[in-house]
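In: Quick one, what's the 3D model for this:
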Amino acid sequence: MTEYEPFVSLGLAAAAGLLIGLERERSAPEQSGDAFLGGARTHPLFALVGGVATLASRELGPLVLLTALLALVAFLVVNYHGDVQRDRGRGITSEAAFLLSFLLGALACTRGVVEPTSRRIFAVAGVAVVATFLLSAKPATHRLAHTLSREDMASALKFLIVAVVVLPLLPDRTFGPLDVLNPADVGRFMVLISAMSFVGYAGIRLLGPERGLGLTGVVGGLVSSTAVTLSMAGRARERAELAAPAAMAVVLASTIMFARVYAIVAVVNPALAPAVAFPMGAAAAGGLGASLWLWLRSRRAAGTGAPVPFTNPFELSAALKFALLFGVVLLGSKAAAVHLGPAGSYAAGVVAGATDVDAITLSMARLSGGQVAPQVAATTIFLGAASNTVVKAVMAAVLGGWGFGRRVVAALLGMLACGAAGVAVAWLA
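Out: All right, here's what the predicted structure looks like:
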């Protein structure tokens with residue numbers, strides 16, 4: 001393999017440059033006239049220049065690579081200056097793409113930086129793919145930047161300070177009664193839940209309510225299925241013709257909640273994931289079936305109304321409240337498991353799940369395999385999700401009127417029946 005290494009490296013350099021160049025050439029019609037710098041031929045050529053210069057520098061010294069880089073920079077500066085002189089205002093994205101193609105070519109042929117060769121191949125290919133995605137995602141990223149408010153950005157920055165600066169400083173050991181509270185774990189789980197919720201929040205802000213109630217339910221379920229239920233109940237009471245599509249949005253949001261619970265367990269405690277997969281998967285399957293039935297009933301309904309009022313999950317106060325709630329639920333869950341056995345865990349799941357599914361899910365994932373058996377932990381998590389689902393069914397029936405409420409209650413009870421069957425399978429497996 002060693003004797004073929006230069007050919008593999010040069011091929012990798014050309015492939016990385018070609019990928020970026022193809023995207024740049026595809027974007028050429030959006031650029032004005034001769035402001036287009038180069039595409040599917042020029043980028044791989046410059047990547048090969050970087051690769052060949054790096055190979056030559058192995059014998060002739062780093063001056064060869066530095067000279068090639070300075071020549072590329074000079075070319076880009078002259079070209080950009082000419083565009084400015086001719087009043088062709090534009091950004092420097094194309095210039096940055098050229099520099100990246102050159103540097104990827106150099107990295108592909110560099111030894112001793114990313115080793116072994118297989119890892120270097122993945123590193124160069126990964127950077128090329130990410131760069132190409134960013135270049136092609138200009139409309140979406142610009143739309144997201146204009147959609148997020150100043151308050152959203154401020155909340156995100158405050159949260160990132162906690163996640164990047166404060167979190168690494170938290171002690172990674174247990175404190176307090178029952179020796180169960182670990183500040184580092186609490187902080188990591190807070191970041192995990194907030195990040196998952198922010199994906200849905202950004203999706204809602206980016207897509208907008210005009211995409212339809214079904215999509216609102218799917219994406220909103222990542223943030224808060226309870227918020228979706230409250231909003232849809234009010235909407236169905238105001239407009240009776242929206243009862244079926246609004247009910248579908250609630251059921252879809254609850255379906256996503258069950259899938260989200262499984263995802264959390266799979267990340268935090270993969271050993272518990274198989275036991276949780278049965279009840280969560282069965283409940284989600286029941287939700288999809290109910291959603292399909294409601295969609296068939298609602299195809300003629302139109303209109304979406306006002307957007308669902310979600311709060312930014314990166315809001316620092318909300319994240320800290322969740323951390324506090326998680327600590328309380330974790331302590332209470334362990335106390336119940338130690339002093340009352342499985343019955344205590346089940347009771348903790350029902351009580352905690354009525355207000356927050358994530359907290360009891362994380363608590364059981366943390367305790368499973370120690371004080372709590374995996375089947376007991378999986379059942380407790382399902383009971384927490386079931387308790388939360390019952391609360392939403394009551395909200396729908398009370399706030400949304402009979403036409404909306406009976407659809408939601410029937411669908412959610414069907415989901416719970418499927419989930420209960422999944423619990424039985426988990427115990428028998």
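
In: For the closest residue in space to L22 that isn't next to it in sequence, what are phi and psi?
Out: Spatially, and ignoring its direct neighbours in sequence, L22 is nearest to A40 (5.0 Å; Cβ to Cβ, 6 or more residues apart in numbering). C-betas here are computed from N, CA, C, even on glycine. Listed backbone geometry of A40 is phi -70, psi -20, with angles given as degrees, to the nearest 10.

In: I'd guessed A40 sits against E23; true?
Out: No - using Cβ atoms under 8 Å, A40 is not in contact with E23, being 9.1 Å away.

In: Tell me who's in contact with the residue nearest to L22.
Out: Residues near A40 by Cβ atoms under 8 Å, 6 or more residues apart in numbering: L18, G21, L22, R24, E25.

In: one more time with 6 Å, if that's ok
Out: Contact partners of A40, counting by Cβ atoms under 6 Å, 6 or more residues apart in numbering, are G21, L22, E25.

In: so which strand or helix has the last one?
Out: Of the helices and strands defined by DSSP states H and E, E25 is found in helix 5-26.

In: That helix packs against which elements?
Out: Using 3 or more Cβ pairs under 6 Å, 6 or more residues apart in numbering; DSSP states H and E as the contact criterion, the secondary-structure elements in contact with helix 5-26 are helix 42-60, helix 93-108, helix 117-136.

In: Let me see the mean pLDDT of the helix or strand that comes right after the last one.
Out: If I follow you right, that is helix 117-136. Using DSSP H and E, the helix or strand that follows helix 117-136 in sequence is helix 138-147. Throughout helix 138-147, pLDDT has a mean value of 72.

In: what comes up buried for whichever helix or strand comes after helix 138-147?
Out: From helix 138-147 onward toward the C-terminus, using DSSP H and E, the following helix or strand is helix 150-160. Neighbour-count burial for helix 150-160 flags D152, S155, A156, F159 (criterion: 16 or more other Cβ atoms under 10 Å).

In: How about residues contacting the helix holding E25?
Out: Taking Cβ under 6 Å, 6+ apart as the criterion, the residues outside helix 5-26 that touch it are 39-40, 43-44, 47-48, 51, 55, 97, 101, 104-105, 108-109, 121, 124, 128, 132, 135-136.

In: Look at the spatially closest residue to A396 that is not a sequence neighbour and say how many residues are nearby.
Out: Once its chain neighbours are removed from consideration, A396 has its nearest residue in V408; the separation is 3.8 Å (Cβ to Cβ, 6+ apart). Around V408 there are 30 other residues, counting by other Cβ atoms under 10 Å.

In: now do A396
Out: For A396, the count of nearby residues is 27 (other Cβ under 10 Å).

In: Got the domain ranges for this structure?
Out: 2-136, 148-428 (automatic domain parsing).

In: Need the winner for burial among these.
Out: Burial among the domains of the chain, expressed as mean neighbours by mean count of other Cβ atoms under 10 Å, is greatest for domain 148-428, which shows a mean of 20.

In: Could you check the pLDDT of A306?
Out: At A306 the predicted local distance difference test score is 53.

In: same deal with G303?
Out: On pLDDT, G303 comes in at 49.

In: V113 versus the most far-flung residue of the chain relative to its centre, what's the distance?
Out: In the chain, counting by Cα atoms, centre = their mean, L60 sits farthest out from the average C-alpha position, at 46.9 Å. Spatial separation of L60 from V113 under the definition Cβ to Cβ, to the nearest Å is 19 Å.

In: now the helix or strand harbouring V338 against helix 150-160, angle please.
Out: Per DSSP H and E, V338 falls inside helix 316-340. With axes from the mean of the first three to the mean of the last three Cα atoms, to 10 degrees defining the directions, helix 316-340 sits at 50 degrees from helix 150-160.

In: got a list of contacts for helix 316-340?
Out: Contacts of helix 316-340 from elsewhere in the structure, counted by Cβ under 6 Å, 6+ apart, are 158-159, 178, 180-181, 186, 190, 194, 344-345, 348, 352, 356, 359-360, 362-363, 367, 371-372.

In: What about the residues you listed, which are in helices?
Out: Judged by DSSP state H, the subset of those located in helices is 158-159, 186, 190, 194, 344-345, 348, 352, 359-360, 362-363, 367.

In: Which two among those are spaced furthest apart?
Out: Of all pairs drawn from these, the one with the longest distance (Cβ to Cβ) is K158 and G344, at 37.2 Å.

In: for the residue nearest to A396, what are its contacts?
Out: Under the criterion of Cβ under 6 Å, 6+ apart, the contact list for V408 reads A247, V250, A396.

In: rerun at 10 Å
Out: Contacts for V408 (Cβ atoms under 10 Å, 6 or more residues apart in numbering) come out as 229, 232-233, 236, 243, 246-251, 254, 290, 294, 392-397, 400.

In: gap between the one helix or strand A386 maps to and the chain center?
Out: Secondary structure assignment for A386, by DSSP H and E: helix 374-399. The chain centroid and the centroid of helix 374-399 are separated by 24 Å, computed with Cα atoms, centre = their mean, to the nearest Å.

In: quick one, it and helix 316-340 angle?
Out: Here the directions of helix 374-399 and helix 316-340 differ by 130 degrees (the same axes, to 10 degrees).

In: Averaged pLDDT, helix 374-399. What do you get?
Out: Helix 374-399 comes out at a mean pLDDT of 90.

In: could you check the angle helix 374-399 makes with the helix or strand following that helix?
Out: Moving toward the C-terminus from helix 374-399, the next helix or strand (DSSP H and E) is helix 402-428. Note on geometry: by the same axes, to 10 degrees, helix 402-428 and helix 374-399 are set 170 degrees apart in direction.
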